[in-house]
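Visitor: How does the following fold in three dimensions:
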Amino acid sequence: MELTGAYSDCVREQVLATLNGQQVIEVELSGTTVMDCGGFGALMALRNATRDDRVRLRLLNPAPPVGQLLDLLHAERVFEIIPSRSGSR
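Guide: Sure thing, here's the model as predicted:
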């Protein structure tokens, strides 16, 4: 699966449409093998859209290529990142 700029608006809109007062959003990334700056921007936009409601955004099990990008961007400063149990990140 790809999380790129081509899909970013769709992803953000789908998640925001299903919030229903939840306090934690978990984004499963184990099947995401490609993420570009547009995809990361979608995650940031989602975070920004929910920040006032004190919603926590967790990124779960990023696949190795995505985990490397998140590390490079120091995404742990913004998101709670839960690596896979196998430690493949």
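
Visitor: Who are the packing partners of the worst-scoring helix or strand of the chain on mean pLDDT?
Guide: When each helix and strand of the chain is scored by mean pLDDT, DSSP states H and E, helix 5-17 comes last, with a mean of 76. Contacts defined by 3 or more C-beta pairs under 8 Å, 6 or more residues apart in numbering; DSSP states H and E place helix 5-17 against helix 37-50. To be clear about C-beta, it is placed using only N, CA and C from the backbone, and glycine gets the same treatment.

Visitor: Who does the following helix or strand past the helix it packs on pair with, and is each partner parallel or antiparallel?
Guide: On the C-terminal side of helix 37-50, the nearest following helix or strand under DSSP states H and E is strand 56-60. According to DSSP bridges, the neighbouring strands of strand 56-60, each with its direction, are strand 24-28 (parallel), strand 80-82 (parallel).

Visitor: from the middle of its chain, how far away would the first one be?
Guide: The reference is to strand 24-28. A distance of 7 Å separates the centroid of the chain from that of strand 24-28, by C-alpha atoms, centre = their mean, to the nearest Å.

Visitor: Lovely, talk soon.
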